[in-house]
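S.K.: structural data only, the sequence is not supplied:
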């Protein structure tokens, strides 16, 4: 019955935590490609190769449905994967769709023409690779018109979080917000386009100001997954056990993950 959650490192644990609370009876297999993190500085071909290898590993664990809880993988690899690589009996979903559903207040199955939405000025904070892909802007354009998106590549934030250096992460977030506001002084909404960033939600909110609505992915993805599984119950795979897998050092990753979620997490070698 397992569903796979994939991330390049520890950031996807924010999504895992939310979906586990929303769907407590579903076992989840988490795969962190910590040996190759971060993905945000890699080119699209590299991200595609690493992502497909990881997804195949999760299929082997009985996960017919895999969620790419890595925005970089969703941006740089998912469309190419969906264009012919994924077998008919498997599904791989990304994390942009729930964000755009929330931002535009319309479901992804709504195929009516793009229309104006309430929010006109949106700040996007993401990894360099996600920003370069323009995947968020492309997907948003299918659903909304007249939305000005200003993207800020947040170099260094993922590394600092993965290393547990939250003082550096705090300083980097504030610096990136300042850089964004020089380009877009008055955003109405902000998208935290990396699953590591919810850990810095309060810092983003403080730096942006109370008037800016900050969209974070974990709970949005959890609700979207619950809805998807209700409509497609057969996509819960054959796996019966929740587990944590890593391409990195299991002891090191377990220690950091435990600090990350503030509960004991034990990773096994993938």
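M.R.: Arrived safely. If you're wondering where the values come from, they're calculated on a predicted model, not measured in any experiment.

S.K.: list the buried ones in the one helix or strand residue 204 maps to?
M.R.: In this structure, residue 204 is located in helix 201-208 according to DSSP states H and E. When burial is assessed from 16 or more other C-beta atoms under 10 Å, helix 201-208 yields the following buried residues: 201, 203-205, 207-208. Glycine gets a C-beta too; all of them are placed from N, C-alpha and C.

S.K.: domain-wise, how is this structure divided?
M.R.: The chain is divided into the following domains under the TED database: 2-94+218-269, 97-216.

S.K.: phi, psi of residue 27?
M.R.: Reported as degrees, to the nearest 10, the phi and psi values for residue 27 are phi -70, psi 140.

S.K.: distance of it relative to residue 235?
M.R.: Separation of residue 27 from residue 235 (C-beta to C-beta, to the nearest Å): 14 Å.

S.K.: identify the contacts common to those two.
M.R.: A shared contact of residue 27 and residue 235, defined by C-beta atoms under 8 Å, 6 or more residues apart in numbering, is any residue touching both; here these are residue 3.

S.K.: pick out whichever of these two has more residues nearby.
M.R.: For residue 27 versus residue 235, the count of surrounding residues by other C-beta atoms under 10 Å is larger for residue 27: 19 against 16.

S.K.: any stretches of the stretch 1-150 of the chain with poor pLDDT?
M.R.: Judged by pLDDT under 70, the stretch 1-150 of the chain has its weakly predicted residues at 1, 108-109.

S.K.: so which residues of it form strands?
M.R.: If you assign secondary structure with DSSP state E, counting those that start in this stretch, the strands in the stretch 1-150 of the chain sit at 3-7, 28-32, 65-68, 91-93, 115-116, 121-126, 144-145, 148-153.

S.K.: save the ones you listed as a markdown table, and put in mean neighbour count and distance to residue 169 too.
M.R.: What follows is the strands of the stretch 1-150 of the chain, written out as a markdown table (neighbours: other C-beta atoms under 10 Å; distance: least, C-beta to C-beta, whole Å):
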| stretch | mean neighbour count | distance to residue 169 |
| --- | --- | --- |
| strand 3-7 | 27 | 17 |
| strand 28-32 | 25 | 18 |
| strand 65-68 | 26 | 23 |
| strand 91-93 | 21 | 28 |
| strand 115-116 | 12 | 36 |
| strand 121-126 | 24 | 13 |
| strand 144-145 | 16 | 31 |
| strand 148-153 | 18 | 15 |
